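Participant: give me the fold of what follows.
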Amino acid sequence: MEIQEELKARIVKALKNLGVSIPEIVLEYPADISFGDFATNAAFLAAKQAKKNPREFAEQIRAQLLENKPNFIEKIEIAGLGFINFFLSRRFFAENVADVLKLGGKFGQNKLSKGKKVLIEYTDPNPFKEFHIGHLMSNAIGESIACLYENSGAKVKRMCYQGDVGSHVAKTIWAMKKNAPTDDKAAYLGKCYAEGARAYDENPEAKKEIDDINKKIFARSDEELNELYEKGRSWSLEHFDRIYKTLGTKFDYFVLESEVIDVGEETVREFLKRGIFEQSEGAIVFHAEKYDPKLHTRVFITSQGLPTYETKELGLADKKFRKINPDLSITITANEQDEYFKVVLKAIELVFPRIRNKVEHISHGMMRFANGKMSSRTGNVVTGESLITDIEKMVEDKIKERGFDEVTKKDVTKKVAVAAIKYSILRQGIASDIIFDADKSISFEGDSGPYLQYAAVRANSVLEKAKEEGLKVSAKNPDESAGLLERKFSRFEEIAARAMKERAPHQVATYLTDLASEFNSYYATTKIIDKENPHSPYRLALANAFEIIMSNGLLLLGIEVPEKM
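Facilitator: Numbering: from 1, shown residues only. You can find the predicted model right below:
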């Protein structure tokens, strides 16, 4: 990062010496690494102002830069119609390898968000319903964005908001009254919800009964319903906790809808008096289109007097900023909630103007399956737990011939399965739908999370073997054959910073896949452990640096590396 800033400053100075300036200097990585380590189109942007041909002006900029060339630059070339390409020196790359070894787990960190408090709300499953694949997507994306912010120096707090009141609860409890619980409580609740939801849509009498249950749950007025409610909520939350543990997520705050509903309702009724909300056919609504023609009207309190999800969001926003008061609050949901959140954010802007610029909604696509639907407990929903279980079984079968003891096998199975799922979610832009291919997700040989883990484990095994043979790691005697690998190391810091700024974990995933491929090529063509070769300690330094960067990068994706694979 420091080198990029220095290069930008030198380009700004060169332009100034030539009598021109541009608003921003952009440095990019050339698609083909043979064109250098950085490239800029500054000559194109400034040529018109200078009244020069872009290539001719690029040559003048180059001449200015070469007058006092820093030692980290090997050469500067002009390409095409005026691109300026910078090639970093071997000395720089060797020093960068030494920095990786010195910083270890801290390599790749930056200070872009230092001093900021960032609250990230994600996953958000509802008690009384099953944890589905959409929650898995939100969890993987939210955890990675949280890690990226932590890597940038922010103090990050993780929050999970769970809907323990509402019509979905009433539908489940309606069916719970008719069905005895089974041993698998999560599956039991999922089936009860499916039965209640179906009855609500198809049976007018059942709809009336469920609406009545919903009112009584809000009022806490029926002892039998209260008992079923407490049991169901407890079963759900215990089930969710087990999944979070598997996924490696530790939330700082769990907030239930029942904790924010009263504040939300008070807020709506207060701002009804101020004209932000309006009465409509017995309900209280927000005509968001009055403030933005692209928005629409939503109900905040029903004609039955029951607060909706929108009202609870106001209560949640109030709680977030009273209890935590972050500099930035990010909520992550599926993109099917985009229009809903646009209206809610407009309401928050009007009701809590001081926090509107601190609130952000990030949405993700949906998960589909390459080979049809995988196992499902309820028959119509693929649960998050069933997907994890299916992938764990596939991983266990894949490693069964490797002779691991039971403890190691369990650890490898869990970490590899989680990596397979998380990488599949994070490998492309989060706004896109993903096609989940179970077989490809667990591959040790391609574009997958396990492939990256395996590359890190391979590098670590090289280091262990070298230690047994008495060879030490050293970055003092660079090896000319390692250019491409070294050059890719130098990009990690910038990739991690950009991924945070753009909320784009896929940039880290893409970089790590490319890096793993380069290391595997190096491993296949280079004898790393060789007591007779004076460059062997440096080759070991490369393996060590690779293992550090790969592990650090995977942690930004919420993925751990097992000791063995």
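
Participant: would you mind giving the domain segments of the chain?
Facilitator: What the record gives for the chain is the domain set 2-88, 384-556, from automatic domain parsing.

Participant: okay, how far is it across the shortest one, tip to tip?
Facilitator: Start and end residues of domain 2-88 are separated by 13 Å (CA to CA, to the nearest Å).

Participant: same question for the last one.
Facilitator: From its first residue to its last, domain 384-556 covers 22 Å (CA to CA).

Participant: which strand or helix spans the closest residue to Phe404 other than its chain neighbours?
Facilitator: Once flanking residues are discounted, Phe404 sits nearest to Val412: 6.3 Å by CB to CB, 6 or more residues apart in numbering. (Each C-beta comes from the backbone N, C-alpha and C, glycine too.) Val412 is part of helix 406-426 when elements are defined by DSSP states H and E.

Participant: what residues of that helix count as buried?
Facilitator: 408-409, 411-426 (16 or more other CB atoms under 10 Å).

Participant: and that helix, what does it pack onto?
Facilitator: Packing partners of helix 406-426 (3 or more CB pairs under 8 Å, 6 or more residues apart in numbering; DSSP states H and E): helix 133-151, helix 223-247, helix 384-398, strand 434-436, helix 438-441, helix 449-468, helix 505-525.

Participant: and the ones you listed, which is most packed in?
Facilitator: helix 133-151 (a mean of 25; mean count of other CB atoms under 10 Å).

Participant: whichever helix or strand comes after that helix pairs with which strands, parallel or anti?
Facilitator: Sequence order places strand 155-162 as the next helix or strand after helix 133-151, per DSSP H and E. Strands flanking strand 155-162 in the sheet, each with its direction: strand 117-121 (parallel), strand 253-256 (parallel) (DSSP bridges).

Participant: of all these, which one comes closest to Phe321?
Facilitator: Checking the strands paired with strand 155-162 against Phe321 by CB to CB gives strand 117-121 as the closest, at 9.0 Å.

Participant: how distant is the closest one from the center of its chain?
Facilitator: Centroid separation for strand 117-121 versus its chain: 13 Å, with CA atoms, centre = their mean, to the nearest Å.

Participant: also stretch 231-251?
Facilitator: 20 Å.

Participant: who's in contact with that stretch?
Facilitator: 123, 125-129, 131, 136, 139-140, 143, 158-160, 162, 164, 169, 172-173, 176, 181, 185-186, 188-189, 254, 384-385, 388, 414, 418, 422, 558, 560 (CB atoms under 8 Å, 6 or more residues apart in numbering).

Participant: go with 6 Å
Facilitator: Defining contact as CB atoms under 6 Å, 6 or more residues apart in numbering, one finds that stretch 231-251 is touched by Pro125, Pro127, Phe128, Phe131, Asn139, Glu143, Arg158, Cys160, Asp164, Lys185, Ala186, Leu189.

Participant: between those, which is nearest Ser258?
Facilitator: For these, the nearest to Ser258 is Asp164 (5.2 Å; CB to CB).

Participant: from Lys414, how far off is Lys245?
Facilitator: 10 Å (CB to CB, to the nearest Å).

Participant: how about Ile78?
Facilitator: On the measure of CB to CB, Ile78 and Lys414 end up 53 Å apart.

Participant: do the same with Ala499
Facilitator: 26 Å.

Participant: could you do Tyr309 as well?
Facilitator: For Tyr309 relative to Lys414 (CB to CB), the value is 34 Å.

Participant: straight-line length of stretch 526-540, end to end?
Facilitator: End residues of stretch 526-540 are separated by 11 Å (CA to CA).

Participant: how about it: buried residues?
Facilitator: In stretch 526-540, counting by 16+ other CB under 10 Å, buried: Thr526, Ile528, Ile529, His535, Ser536, Pro537, Tyr538, Arg539, Leu540.

Participant: and for stretch 6-18?
Facilitator: Leu7, Lys8, Arg10, Ile11, Ala14, Leu15, Leu18.

Participant: cool, and stretch 154-164?
Facilitator: In stretch 154-164, counting by 16+ other CB under 10 Å, buried: Ala154, Val156, Lys157, Arg158, Met159, Cys160, Tyr161, Gln162, Gly163, Asp164.

Participant: the third one and Asp252 touch, don't they?
Facilitator: The reference is to Lys157. Yes. At 4.6 Å, Lys157 counts as touching Asp252 under the criterion of CB atoms under 6 Å.

Participant: can you list the residues that contact the helix or strand in which Ala39 is found?
Facilitator: Using DSSP H and E, Ala39 sits within strand 38-40. Applying CB under 6 Å, 6+ apart, the external contacts of strand 38-40 come out as Leu27, Glu28, Pro30, Phe83, Ile84, Asn85, Phe86.

Participant: again with stretch 290-298
Facilitator: Val285, Phe286, His287, Ala288, Glu289, Glu310, Lys342, Val343, Lys346.

Participant: would you mind writing the CA trace of stretch 211-226 as CSV?
Facilitator: Listed next in CSV are the C-alpha coordinates belonging to stretch 211-226 (Å, rounded to 0.1, in the frame of the first residue of the first chain):
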residue,chain,number,x,y,z
ASP,A,211,-54.6,-15.0,13.7
ASP,A,212,-56.1,-15.5,17.1
ILE,A,213,-53.0,-17.3,18.3
ASN,A,214,-50.8,-14.5,17.0
LYS,A,215,-52.7,-11.9,19.0
LYS,A,216,-52.5,-14.0,22.2
ILE,A,217,-48.8,-14.5,21.8
PHE,A,218,-48.3,-10.8,21.5
ALA,A,219,-50.4,-10.2,24.6
ARG,A,220,-48.9,-13.2,26.4
SER,A,221,-52.4,-13.9,27.5
ASP,A,222,-52.7,-17.7,27.2
GLU,A,223,-50.8,-20.0,29.5
GLU,A,224,-50.8,-23.0,27.2
LEU,A,225,-49.6,-21.0,24.2
ASN,A,226,-46.9,-19.3,26.4
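
Participant: thanks a lot, catch you later.
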